[in-house]
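Visitor: Turn this into a model:
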Amino acid sequence: MEISANTQAIAYLISAILFILALKGLTHPASARRGNFLAMIGMALAIAATLMGGEVNSYGFIIAGVAIGAVIGSVVAARVQMTAMPQLVAALHSFVGMAAVLVAIGTYLNREAAGTLNPLLMGELSAGIIIGAITFSGSVVAFAKLQGLVSGAPVVFKGQHALNAGLAIVAIGFGVHFGMTESMTSLILMTLIAFVLGFTLIIPIGGADMPVIISMLNSYSGWAAAATGFTLQNNLLIIVGALVGFSGAILSYIMCRAMNRSIINVVFGGFGSDTGAGESAGAQAAQKGVKSASVEDAIYWMEDANKVIIIPGYGMAVAQAQHALKEMMELLEARDVEVKFAIHPVAGRMPGHMNVLLAEADIPYENVLEMDEINPEFPSCDVALVVGANDVVNPAAKSDSSSPIYGMPIIEAAKARQVYFLKRSMRPGYSGVDNLLFYQDNTSLVFGDAKDTIEGMVSALKGGGH
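Guide: All right, here's what the predicted structure looks like:
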């Protein structure tokens, strides 16, 4: 069944409206499920309208591709752990980038054979290939860092920025030459250099900046999709690409503000590294004069508290401690203790990482507050429980002007009456900066796996505590 161009245009318009409403829904956890549902309806309508359009001549390869992709996607979705969601997102960004490259090259080959190439189209092809190639290789590097296939430490070498600038200029130069001459050689060289540029742009990025990089690559994938839309003369793809491109760019800007850093500083700063655990946590704590505490000590304080604020970080994600935290929250609330969760914008490895994990454990949305909302409550908080977070609660960001994280807005856990820090070891966070909160008089560290520790607290609460 073939539909008219007008019918297809109306379907595309409805899809675009649904995508915009979906983005609005995704701005808050309570409406995120509805936003996803609207996005799925919009995408289903867009695909159906495209398949029934007059530009589709054969369905064989399309059906085969959809079937294979559906099987792979279903298997991956069923198996991927929530802790692996950031690297999955990075992998999906790489697919969009490579799709943009392949569509541009395929369009060039088809239009060259038909003799219908023109300067405008050549410019669109060049843009699509360069943006898509950078998105692909950059996302592959981000995936490898997040997956632990390579070190999360920034890889920085002398002349790196000059090399990146040179690669960008040369890639654009070959793109211009390709547009003027339709040269296959220029096409190949432009594509290869853009792939290399994506690699060299992302390898300097350390773990502390990964949330920003994930959102930035999301923006790149949007612009790659928009460029593909121009190539295919598909208005909806242009709209969707622009929505993703702008929303990813805005999110990157918001996250940079949350870190008190510029996007240029993120891309070129090489901030954040993985560090070894070194000697035992207890030995390090004793050497540095840090107080350690037991599960029973923490429960003693929390049972008598009026308010407990929990600050989750990537350590919670690694330990999969969110379900144990939900059970502990319910036990404390049964004792008339007010329990809230404090979320920093860059906690975890991607935007909203902590929100997703807490939602997975069915922790009520009203108990989860963003940094600006929760900070005024810490002076009246009896216990702040930090679960695997680090840099986002480090007072050095406010008091040490020589610190790399100075000026970054933080969750003000230090103002609570008592702070319990769940840590595996004394090593710093991804920034590599020692956490001054460890040494405050009102802070004690509870060493061990976060999930095991929380489950121990749950058992203590069930046993009646003190």
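
Visitor: Tell me which residues are up against stretch 365-383.
Guide: Residues outside stretch 365-383 that contact it (C-beta atoms under 8 Å, 6 or more residues apart in numbering): 28-30, 258, 298, 301-302, 304-309, 329, 339-345, 355, 358-359, 384, 409-420. Any C-beta I mention is one placed from the backbone N, CA and C, and that applies to glycine too.

Visitor: As a quick check, tell me the outermost residue of the protein.
Guide: Note on the chain: the largest C-alpha distance from the chain mean falls to G115, namely 43.1 Å (C-alpha atoms, centre = their mean).

Visitor: Quick check: that residue vs E182, distance?
Guide: 11 Å (C-beta to C-beta, to the nearest Å).

Visitor: same thing with A113?
Guide: 12 Å.

Visitor: Separate out the buried members of the contacts of stretch 365-383.
Guide: Among those, those buried by neighbour count (16 or more other C-beta atoms under 10 Å) are 29, 258, 298, 301-302, 305, 307-309, 329, 339-345, 355, 358-359, 384, 409-420.

Visitor: dump the residue contacts of A100.
Guide: Per C-beta under 8 Å, 6+ apart, neighbours of A100: G128, I129, I131, G132, T135, A224, A225, A227, T228.

Visitor: and the next element down the chain from whichever strand or helix holds L201?
Guide: Applying DSSP states H and E as the criterion places L201 in helix 184-202. Heading C-terminal from helix 184-202, the first helix or strand you meet, by DSSP H and E, is helix 210-232.

Visitor: Next, the most centrally placed residue in the chain: secondary structure please.
Guide: Note on the chain: the residue nearest the mean C-alpha position is M350, at 2.1 Å, using C-alpha atoms, centre = their mean. The three-state label given to M350 by DSSP: H, G, I helix; E, B strand; the rest coil is coil.

Visitor: Do I have it right that it meets M210?
Guide: Yes - M350 lies in contact with M210 (C-beta atoms under 8 Å); the separation is 7.4 Å.

Visitor: Check the contact lists of those two and give me the overlap.
Guide: P86.

Visitor: now the strands: where do they sit in the chain?
Guide: 307-312, 338-343, 368-370, 383-387, 418-423, 443-447 (DSSP state E).

Visitor: Is it possible to get a markdown table of those that adds mean pLDDT?
Guide: Shown next, in a markdown table, are those (pLDDT from 0 to 100):
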| stretch | mean pLDDT |
| --- | --- |
| strand 307-312 | 94 |
| strand 338-343 | 94 |
| strand 368-370 | 91 |
| strand 383-387 | 93 |
| strand 418-423 | 91 |
| strand 443-447 | 91 |
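
Visitor: Show me the one of these that comes nearest L45.
Guide: strand 368-370 (32.5 Å; C-beta to C-beta).

Visitor: residue contacts, A99?
Guide: G132, A224, T228.

Visitor: Next, count neighbours for E112.
Guide: Neighbour count of E112, defined by other C-beta atoms under 10 Å: 12.

Visitor: Please apply the same query to the one 10 residues further on.
Guide: Per other C-beta under 10 Å, the neighbour tally for M122 reads 20.

Visitor: Could you pull up the residues touching it?
Guide: F178, G179, M180, E182.

Visitor: Now P204. Its backbone dihedrals?
Guide: Phi and psi for P204, reported as degrees, to the nearest 10, are phi -80, psi -10.
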